[in-house]
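Trainee: I'd like to go over a predicted model; first the sequence, then the structure.
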Amino acid sequence: MTRVAGSLNILLIRPKSVYADVVAGIPIGLALLASIAESKGHRARILDIPLEQNPEAALQNMLASSHFDIAGLGCMSVEFLGGLKTAKAIRQQSPRTHIIFGGQHPTIMPHSVMKENCLDSICLGEGEGVWSEFLDRMAAQESLDGVAGLWHRRDGEVVANAPRDAYVDVDAVPMPAYHLLDIERYFDLDFVRFPTADRRAVQIFTSRGCPYRCIYCHDLFGKRFRGRKPELVWEEIRFLYDKYGIREFMVEDDIFNMDIARAKRICDLVISSGLRLGFQFGNGVRLERFDEELMRKLSLAGTHHIAIAVESANLRIQKLIRKNLKLDRLEEVLGWARRYRIETLGFFMLGFPGETVAEIHQTIRYACRSDFDEALFSIATPYAGTELNDMVRDAGAFEGGNDLHDLMEGVVKIRSAEWDHRKLRRLQRRAYFLFFLTRLRFLRVLGKMKSPKMFRRYWAAFARNFVPFFQSQRSRIN
């Protein structure tokens, strides 16, 4: 990489997750940061470590190819240990490179993260505004003091700048730098999301933020919903269709259908184009933000799957976790989905603080009686930075929490007077067993296992929950 006068050489990295069974799709966040860097005349490259068979060699080769002024690592909590390992390797091989972390984990645990001396700075919250100002200061070789949303080291001491007090304008965010990604490598990954109808599929964000205040969610994008203009969403979809042959889009919004009129307009733009596309909404859509017209338009646009987060069928637990879902709407909404041939997945959580075994069984029975095609029964996990984590720690209602992963990730296991984690796992297995046995749902699953990829997906899910050897491995808590 040739250094251009006045520009920075930047390496953006997604580290490896500690969960061996999770392979993510394209790193959209890094591609957005790369696009901002390029718009300022800087040079950017992206290293997606989970794709590499030999991550250490890939990193060494990348660092040997050029001197990088900045190495930026984005990490969720489950990627922090991998990010730390990568940062130490960068520091050893390229000691003059400025190492900055961003993403969910540095945002929710900044003090803990900045204890690691191999890091020079961290970005808290939404990254685009912080990143832009950070690059300007670095290019001018100016102090990082006063860059809102940035923590950094000055003479060995941690300087915590004030938080950023403005939301990012989602309509002003540039197109991700897709040209820096080897898109073809992502098409055959075993996505965590629902299986795609077309292998040429990628994730896409059309909005940020969720106004609801569920106690188990993080707050990376804030509590104000911001939807991109439908025309900009369509522009990105059409670009990916024409440039890279993308035929399916996995919408990763927190709540795509918060603005129903906007959601319908996006569907209309897709429908009027005449393109045959696939869509799925695997990150959850809000139950109450549907009408039949929206479901029909989603179907006409090519939607084949939606996930709806119910979490609990018990009204006391709904109030405790501040989900406050209108459960009486579920039958109607699932009926619309079935009418328009959209498959549905229900998200449920078991084991909230103080939840009784009877209340857990109530949720399991509710899921079994529902018209959901599939269900995901998660064990409630109090991730760091959530109100649920604070609630559990304040009450002392947890077990474990002393191994390295828990210390780094800020995760503990909830316990109650009626159950511990071991019993909760048994209840989880019972939930899956009863759900897929009811209405012979397991026959539909068998009918989907027509390819090695589909077989691997369902076998992995079965093994996580029913095969003792796999239960002992570190994998997703689901």
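Mentor: Yes, it's here.

Trainee: okay, now the unreliable bits of the stretch 101-250 of the chain?
Mentor: Residues of the stretch 101-250 of the chain that meet the criterion pLDDT under 70 lie in 190-193.

Trainee: what ranges does the stretch 301-450 of the chain have for its helices?
Mentor: Per DSSP state H, counting those that start in this stretch, the stretch 301-450 of the chain carries helices over the ranges 315-320, 330-339, 357-369, 387-395, 404-409, 421-437, 441-448.

Trainee: now mean neighbour count, mean pLDDT and distance to Q60 too, for the ones you listed, in a markdown table please.
Mentor: Any C-beta I mention is one placed from the backbone N, CA and C, and that applies to glycine too. Output for the helices of the stretch 301-450 of the chain, formatted as a markdown table (neighbours: other Cβ atoms under 10 Å; pLDDT from 0 to 100; distance: least, Cβ to Cβ, whole Å):
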| stretch | mean neighbour count | mean pLDDT | distance to Q60 |
| --- | --- | --- | --- |
| helix 315-320 | 16 | 96 | 49 |
| helix 330-339 | 17 | 97 | 49 |
| helix 357-369 | 18 | 98 | 48 |
| helix 387-395 | 17 | 88 | 37 |
| helix 404-409 | 16 | 58 | 24 |
| helix 421-437 | 17 | 94 | 39 |
| helix 441-448 | 13 | 80 | 41 |
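
Trainee: export the helix or strand L298 falls within as CSV, just CAs?
Mentor: Taking DSSP states H and E as the definition, one finds L298 inside helix 292-301. The C-alpha trace of helix 292-301 is given here as CSV (Å, rounded to 0.1, in the frame of the first residue of the first chain):
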residue,chain,number,x,y,z
GLU,A,292,-52.6,-6.9,6.9
GLU,A,293,-51.6,-4.5,4.1
LEU,A,294,-48.0,-4.4,5.3
MET,A,295,-47.9,-8.2,5.5
ARG,A,296,-49.3,-8.5,2.0
LYS,A,297,-46.7,-5.9,0.7
LEU,A,298,-43.9,-7.7,2.4
SER,A,299,-44.9,-10.9,0.7
LEU,A,300,-45.2,-9.3,-2.7
ALA,A,301,-41.7,-7.8,-2.2
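
Trainee: which helices and strands sit right next to it?
Mentor: helix 260-273, helix 330-339 (3 or more Cβ pairs under 8 Å, 6 or more residues apart in numbering; DSSP states H and E).

Trainee: so for the first one, mean pLDDT?
Mentor: Taken as a whole, helix 260-273 has an average pLDDT of 98.

Trainee: and it, how far out from the chain middle?
Mentor: Distance, stretch centre to chain centre, for helix 260-273: 24 Å (Cα atoms, centre = their mean, to the nearest Å).

Trainee: next secondary structure element downstream of it?
Mentor: strand 278-285.

Trainee: parallel or antiparallel, which strands does that following strand pair with?
Mentor: Using DSSP bridges, strand 278-285 pairs in its sheet with strand 248-251 (parallel), strand 303-311 (parallel).

Trainee: who touches the first one?
Mentor: Read it as strand 248-251. Applying Cβ atoms under 8 Å, 6 or more residues apart in numbering, the contact partners of strand 248-251 are 25, 191, 193, 196-198, 200-206, 237, 240, 277-283, 302.

Trainee: so what's R289 up against?
Mentor: The contact partners of R289, by Cβ under 8 Å, 6+ apart, come to I255, N257, M258, I260.

Trainee: now for the last one, how many residues are close by?
Mentor: It stands for I260. When counting by other Cβ atoms under 10 Å, one arrives at 14 neighbours for I260.

Trainee: that one contacts E292, correct?
Mentor: No. Checked against Cβ atoms under 8 Å, the pair I260 and E292 is beyond contact range at 11.4 Å.

Trainee: enumerate every residue touching the residue positioned nearest the centre of the chain.
Mentor: What sits nearest the mean C-alpha location of the chain, by Cα atoms, centre = their mean, is E252, with 7.5 Å. By Cβ under 8 Å, 6+ apart, the residues touching E252 are I28, Q203, I204, F205, G282, N283.

Trainee: dihedrals phi and psi, it?
Mentor: Note on E252: backbone dihedrals following degrees, to the nearest 10 are phi -100, psi 10.

Trainee: and S77, by the same measure?
Mentor: Here is the backbone geometry of S77 (degrees, to the nearest 10): phi -60, psi -40.

Trainee: look up how far N257 lies from it.
Mentor: From S77 across to N257, the span is 27 Å (Cβ to Cβ, to the nearest Å).

Trainee: coming back round to it: S7 is nearest to which of the helices of the stretch 301-450 of the chain?
Mentor: With distances scored as Cβ to Cβ, the stretch of those nearest to S7 is helix 404-409 (34.7 Å).

Trainee: first to last residue in stretch 60-79, what's the distance?
Mentor: Using Cα to Cα, to the nearest Å, the end-to-end distance of stretch 60-79 comes out at 19 Å.

Trainee: now it: buried residues?
Mentor: For stretch 60-79, the neighbour count (16 or more other Cβ atoms under 10 Å) marks 62-63, 68-79 as buried.

Trainee: equivalent analysis for stretch 130-146, please.
Mentor: V130, W131, S132, E133, F134, L135, R137, M138, A139, L144.

Trainee: TSV for these, including secondary structure?
Mentor: Listed next are these as TSV, based on DSSP: H, G, I helix; E, B strand; the rest coil:
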residue	secondary structure
V130	helix
W131	helix
S132	helix
E133	helix
F134	helix
L135	helix
R137	helix
M138	helix
A139	helix
L144	coil
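
Trainee: distance to R265 added to the residues you listed, as TSV?
Mentor: Below are those laid out as TSV (distance: Cβ to Cβ, whole Å):
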residue	distance to R265
V130	31
W131	30
S132	29
E133	33
F134	35
L135	34
R137	39
M138	40
A139	39
L144	41
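
Trainee: taking the residues you listed, tell me the two that lie furthest apart.
Mentor: Spatial extent of the buried residues of stretch 130-146 (Cβ to Cβ) is set by the pair V130 and A139 at 14.9 Å.

Trainee: any idea how far Y212 is from the residue nearest to L424 when sequence neighbours are not counted?
Mentor: Using Cβ to Cβ, 6 or more residues apart in numbering and skipping residues adjacent in sequence, the residue nearest L424 is G351, 4.6 Å away. Computed as Cβ to Cβ, the G351 to Y212 distance reads 21 Å.

Trainee: and those two? which has more neighbours close in?
Mentor: Between G351 and Y212, G351 has the larger neighbour count (other Cβ under 10 Å), namely 23 against 16.

Trainee: contacts only, for that one.
Mentor: Neighbour list for G351: I360, I379, A380, I414, S416, W419, L424, L427 [criterion: Cβ under 8 Å, 6+ apart].

Trainee: go again with 10 Å.
Mentor: Shown in contact with G351 (Cβ atoms under 10 Å, 6 or more residues apart in numbering): 357, 360, 378-381, 413-416, 419-421, 423-425, 427-428.

Trainee: how near is it to L320?
Mentor: Distance, G351 to L320, by Cβ to Cβ: 12 Å.
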